[in-house]
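Colleague: Provided below for reference: sequence and predicted model.
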Amino acid sequence: MQRLISRSLQHLVRTGTLDVTFASGQRCTFGDRSEALIHIRFSDRAAEMALVLDPAMKLGELFMDGRLMVEQGTIYDLVALLKRNGLRRLNAPHVALVALWRTLKARISRAVNPAGAKRNVAHHYDLDAGLFELFLDADRQYSCAYFETPDQSLDEAQLAKKRHVASKLLLQPGLNILDIGSGWGGLALYLAEVSGAKVTGVTLAEEQIKIARQRASERQLDHRVDFQLKDYRHLDGRFDRIVSVGMFEHVGVKNFKTFFTKAASLLERENGVMLLHSIGRTKPVFFNQPFVEKYIFPGGYIPALSEVLPAIEQSGLLVKDIEILPLHYAWTLRAWRERFMENRGKAAALYDERFCRMWEFYLATSEAAFRHDRLFVFQIQLARHQDAVPYWRRYATQTEDQLKDVEASALAARLK
């Protein structure tokens, strides 16, 4: 196994410096020594074999179990080095067979029914609320921020994200808004506060909805914001605006048509506007990243636009605008990872060291993926009618400037 790993790393690591201490005690160096040294160590020969047989799953599991230790640098440094050097190029017949098995398994399980959706959501979002407070912004925005400048703070960028989303919804007093996947309620409360609209937020996470309802009460918005524990497929009524941020990745590729058909049936027919904010990729994949699927987001799927747009067309909704946010999630994840590591001791007190290593690996590999793989965030603006949205884009920038003044007034009123 040591020989196989050495051969693969010698082929892969062309730039940077990676030192590996094998279970035998032998230490080997790979790369051109052009960057700071990263040093990893295997605890036992079985760990080396596991990595060779199933690298996509075992790299994370071995790190989580403390059998692959990063002794110089961080796990982010290691994953970024591998991805930057073209990790996708490495393949072997036995790895291809594992991938084929995962493809077949994914084809069977990709239809996410309501009961399965609730189980998947509970796996991640019903973790101790104190965990998320360790690394999210003050408003608990658990989706990609919108950085107006790369050095903007996380809290400022998450506020800018809400403002950017709101600008595309063409808000006005008296509207009836639906927030699909409302999380801890931050976006729904923001929309109600800055526009005077009524907002219905739906989520499947029981822990999230408790906090969302409490926040609405504390801000005296519970008469205008209604949070419901409900699957989007079970909704009825009509809404002037629909927004969904960071939820579409949990819908399941086989349910894309169902999602947009349901949204079309809920959206007001003449002037209705919808905004979808989601992670995307450049082309479809056959199965999810196995570590993330097993430990972090079971049932999740990052869509390609080529999978999303046909489902929109079949629903009868019109695509009015598509915006790509290329590096914003990498910057968001960097901020989350840095905050988590600063509070790692508190996370260990909530769970344990193994959980902390799992979470660190999740945040690190996600950030590296948005920097070095073909992932991005997209926002698609939809409408039922051609005239529902202005014919030029500058209205959104003008609205964002106006919202900054509204935010200042709302904050002043809250502080009285």
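Modeller: Thanks, I have the structure now. Numbering: from 1, shown residues only.

Colleague: Now do the same for the residue nearest to the spatial centre of the chain: helix, strand or coil?
Modeller: With distances taken as C-alpha atoms, centre = their mean, residue 143 lies nearest the centre of the chain, 5.5 Å away. Secondary structure, DSSP: H, G, I helix; E, B strand; the rest coil: residue 143 is coil.

Colleague: List phi and psi for the closest residue to it other than its chain neighbours.
Modeller: Excluding the flanking residues, the one nearest residue 143 by C-beta to C-beta, 6 or more residues apart in numbering is residue 246, at 3.2 Å. For the C-beta atoms, the positions are set from N, CA and C on the backbone; glycine is no exception. For residue 246, the backbone dihedrals are phi 70, psi 20 (criterion: degrees, to the nearest 10).

Colleague: OK, contacts around residue 246?
Modeller: 142-144, 181, 183, 277-279 (C-beta atoms under 8 Å, 6 or more residues apart in numbering).

Colleague: how many other residues sit next to residue 140?
Modeller: 18 (other C-beta atoms under 10 Å).

Colleague: cool, residue 15 as well?
Modeller: Residue 15: 12 neighbours (other C-beta under 10 Å).

Colleague: Over to the one 10 residues further on?
Modeller: Other residues within reach of residue 25, judged by other C-beta under 10 Å, total 7.

Colleague: and residue 286, how far is that from residue 335?
Modeller: 32 Å (C-beta to C-beta, to the nearest Å).

Colleague: Check residue 317 too.
Modeller: On the measure of C-beta to C-beta, residue 317 and residue 335 end up 33 Å apart.

Colleague: Could you do residue 348 as well?
Modeller: Taken as C-beta to C-beta, the span from residue 348 to residue 335 is 21 Å.

Colleague: Looking at those two, which has the bigger crowd around it?
Modeller: Higher neighbour count among residue 348 and residue 335: residue 335, with 22 against 14, using other C-beta under 10 Å.

Colleague: on that earlier part again, which members of the contacts of residue 246 are the farthest-apart pair?
Modeller: 183 and 279 (15.1 Å; C-beta to C-beta).

Colleague: okay, those two: which has more neighbours?
Modeller: More neighbours surround residue 183 than the other of residue 183 and residue 279, with 26 against 22 (other C-beta under 10 Å).

Colleague: So for that one, what's the nearest residue that isn't a sequence neighbour?
Modeller: Spatial nearest neighbour of residue 183, excluding adjacent residues (C-beta to C-beta, 6+ apart): residue 208 at 5.5 Å.

Colleague: mind checking the SS state of the one you found?
Modeller: Secondary structure, three-state DSSP: residue 208 is helix.

Colleague: That one contacts residue 124, doesn't it?
Modeller: No - using C-beta atoms under 8 Å as the test, residue 208 is too far from residue 124 to be in contact (10.5 Å).

Colleague: quick one: which of these two has more around it?
Modeller: residue 208 (25 against 17).

Colleague: ok, that one - contacts?
Modeller: If you count contacts by C-beta under 8 Å, 6+ apart, then residue 208 has 125-126, 182-185 around it.

Colleague: One more pass at 6 Å, please.
Modeller: 125, 183-184 (C-beta atoms under 6 Å, 6 or more residues apart in numbering).

Colleague: Out of these, which is nearest to residue 399?
Modeller: Taking those together and measuring to residue 399 by C-beta to C-beta, the closest member is residue 183, at 23.2 Å.

Colleague: What pLDDT does the model give residue 34?
Modeller: Here, the pLDDT recorded for residue 34 equals 88.

Colleague: In three-state terms, how would it be classified?
Modeller: coil.

Colleague: For residue 68, see how far away the closest residue to it other than its chain neighbours is.
Modeller: Nearest residue to residue 34, sequence neighbours excluded (C-beta to C-beta, 6+ apart): residue 15, at 5.7 Å. For residue 15, the distance to residue 68 (C-beta to C-beta) stands at 22 Å.

Colleague: Same check on residue 29?
Modeller: Relative to residue 68, and taking C-beta to C-beta, residue 29 is found at 17 Å.

Colleague: Comparing the two, which shows the higher neighbour count?
Modeller: A count of neighbours by other C-beta under 10 Å puts residue 68 above the other of residue 29 and residue 68, at 23 against 13.

Colleague: Please report phi then psi for the more buried one.
Modeller: phi -120, psi 110.

Colleague: same thing with residue 240?
Modeller: Residue torsions, per degrees, to the nearest 10, at residue 240 are phi -70, psi -30.

Colleague: This completes my enquiry, with thanks.
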